[in-house]
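> Could you work out the structure for the sequence below:
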Amino acid sequence: MAALGPTLDLTLPPDERRHAAALAGGWRDLLYVPGPGFVSPLDPGLYRASLVVVLAGGGAVRITSHVMPAFGGELCRLLLEPLPSVPEDRLGSFFDPSRRGVIYTMAADRTAGAPTPVDRPGWSYHGPSLAERLAYPARLSLLREEGRGVSDGQPFAWVAHRGLVVTGRDGEESLLLAEPEATEQAAFLPAAGAYRALLEPHRPSTPGASVRDLLGYGDWDDPLEVTVTLERLEGGAKPPAAS
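Now for the predicted structure:
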């Protein structure tokens, strides 16, 4: 492939990297905005929403996707923002699945809206509680994506912090992933499943589920190379000592 010029940098800026590191201190809850599109019909076990990590030590971090057009397509990275307050009564919880949040529905005369508990299929989380696995992460790693290609004879390249890998005390890995179609959302996979290729990129890939495919570049024109590496964040929460 031709020599490259400047690389487009979509890595986390220092303040957002600090927010990511703060997640290593423990989670009191993992919340989501319920609604249509929350459950993926094509990827079982993948959820799309605006996500909020309520930190064990106080405060909260909202996780969505930062999307920008580039090289004839769209690139993205995780976006981490501190929240001064969290409307927990309106959000669903992955730690307490009985809390499914509320949505606003119009009255019959369509003159006013009212909060309504979420009861529509696919709009909220119905799986097991993830509190035991995620409340005290053993390890956090940023998923770093690097790509390079050629368009109209001109080489291009980019680097992005595309996701966050959360390793629980049981060794199981969950994945938070930015997506180019979801500016106000991010994808969450409680278990890596088919996306394990992103965590172990040197394993033989399944046709249609390569690193390039999973990251959304399957239909980009060749030549295009996309690789991923993991950058470990410092820290790791320790559960409270048993009394």
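
> Strands of the protein, residue ranges please.
8-10, 27-32, 47-49, 51-55, 60-70, 73-83, 92-93, 102-106, 113-117, 139-151, 154-167, 173-177, 186-189, 224-233 (DSSP state E).

> Turn those strands into a markdown table, including distance to residue 38, mean neighbour count and mean pLDDT.
Where you see a C-beta, it was placed from the backbone N, CA and C, and this is true even at glycine. Formatted as a markdown table, the strands of the chain follow (distance: least, Cβ to Cβ, whole Å; neighbours: other Cβ atoms under 10 Å; pLDDT from 0 to 100):
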| stretch | distance to residue 38 | mean neighbour count | mean pLDDT |
| --- | --- | --- | --- |
| strand 8-10 | 26 | 15 | 96 |
| strand 27-32 | 7 | 23 | 98 |
| strand 47-49 | 6 | 25 | 96 |
| strand 51-55 | 11 | 21 | 98 |
| strand 60-70 | 14 | 18 | 96 |
| strand 73-83 | 19 | 19 | 96 |
| strand 92-93 | 8 | 24 | 98 |
| strand 102-106 | 11 | 13 | 72 |
| strand 113-117 | 15 | 11 | 64 |
| strand 139-151 | 22 | 20 | 94 |
| strand 154-167 | 19 | 21 | 95 |
| strand 173-177 | 15 | 22 | 97 |
| strand 186-189 | 10 | 24 | 97 |
| strand 224-233 | 26 | 16 | 94 |
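
> Nearest to residue 196, out of these?
strand 173-177 (8.0 Å; Cβ to Cβ).

> Contacts for stretch 55-62, please.
The contact list for stretch 55-62, computed with Cβ atoms under 8 Å, 6 or more residues apart in numbering, reads 19, 22-23, 25-28, 50-54, 80-83, 86, 135-136, 237.

> Any chance of TSV for the strands of the chain, columns distance to residue 218?
As requested, those are exported to TSV (distance: least, Cβ to Cβ, whole Å):
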stretch	distance to residue 218
strand 8-10	20
strand 27-32	27
strand 47-49	18
strand 51-55	25
strand 60-70	17
strand 73-83	11
strand 92-93	31
strand 102-106	33
strand 113-117	38
strand 139-151	13
strand 154-167	15
strand 173-177	15
strand 186-189	16
strand 224-233	10
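
> Nearest to residue 130 among the ones you listed would be which one?
Comparing those by Cβ to Cβ, strand 27-32 comes nearest, at 6.5 Å.

> ok, and what's touching the closest one?
For strand 27-32, contacts defined as Cβ under 8 Å, 6+ apart pick out 38, 47, 49-56, 86, 88, 91-96, 101, 125, 130-131, 134-137, 188, 237.

> any idea of the pLDDT on residue 38?
Residue 38 is assigned a predicted lDDT (pLDDT) of 95.

> I'd like the distance between residue 145 and residue 131.
Separation of residue 145 from residue 131 (Cβ to Cβ, to the nearest Å): 30 Å.
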